[in-house]
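J.: fold the following, please.
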Amino acid sequence: MKTYETIIAIDVSGNWNKNEKGGTGIAFIGGWKKIEDLTVWAKDYSSKIEYWEAIFDKLWIEEDEEDDTLVIIEDFKLQGGKASTMTNQQMQTSELIGFLEAKLDELGITHVRQANTIKSRWPKKLLTEEIEAIFGIKDYKPSSRHAVDAVRHLITAWLKMTPKDEGGFGTPYKELEDGK
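T.: Just a heads-up that it's a prediction; the model follows:
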């Protein structure tokens, strides 16, 4: 069974347009058993590619840790109710997901997409209780709403994986059975 020393979850927002600058939340858990998070803000970069590169750089995947890292990327699906408001709009979040997947594939890093609907399964109180129960962290305070959504993805992945005795995490749910 494949194990991972580090799980990284990304709540993606590719929006870099003038009026819609977004933020991407990133959450980490590893052998240190401590959740860390950060937010990368599009407004801090002069182009969408510079913003996207910054997101990838913030993943902090060390050269010798590629095989031991699993990256969870929030999936993006256009919902029927929002389709009319997205007419003639660039789908920069989908572009960012493709950019990240291509970079991860290039380095041989395992990644899976996770439905964005998992966010609704983790109301703040339940998420806080779960973080305390699993990791012993009381009063977890995320750096932004994007970071808390990344933590929701992280906790969902954590709970779907079998812990390895030595601190790694076993192969996750069915998506990995089908490949990256």
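
J.: where along this protein do the helices fall?
T.: 48-57, 80-83, 92-107, 124-135, 145-159 (DSSP state H).

J.: lowest-confidence stretch among those helices?
T.: When the helices of the chain are ranked by mean pLDDT, helix 80-83 comes last with a mean of 60.

J.: looking at the helices of the chain, which is buried most?
T.: With neighbours taken as mean count of other C-beta atoms under 10 Å, the helices of the chain reach their highest mean count in helix 145-159, at a mean of 23. Backbone N, C-alpha and C define where each C-beta goes, glycine included.

J.: which residues are contacting it?
T.: Residues outside helix 145-159 that contact it (C-beta atoms under 8 Å, 6 or more residues apart in numbering) are 7-11, 13, 22-29, 35, 37-39, 70, 72, 74, 114, 118-119, 121-122, 124, 127, 130-131, 134, 140, 142, 169, 172.

J.: re earlier: out of the helices of the chain, which is closest to residue 66?
T.: For residue 66, the closest of the helices of the chain is helix 92-107, at 5.4 Å, according to C-beta to C-beta.

J.: and the angle from the closest one to helix 48-57?
T.: Here the directions of helix 92-107 and helix 48-57 differ by 50 degrees (axes from the mean of the first three to the mean of the last three C-alpha atoms, to 10 degrees).

J.: distance between helix 92-107 and the chain's centre?
T.: Put simply, helix 92-107 sits 12 Å off its chain's centre (C-alpha atoms, centre = their mean, to the nearest Å).

J.: now stretch 137-153
T.: Centre to centre, stretch against its chain (C-alpha atoms, centre = their mean), the figure for stretch 137-153 is 11 Å.

J.: and it, how far apart are its ends?
T.: Start-to-end span of stretch 137-153 (C-alpha to C-alpha, to the nearest Å) is 17 Å.
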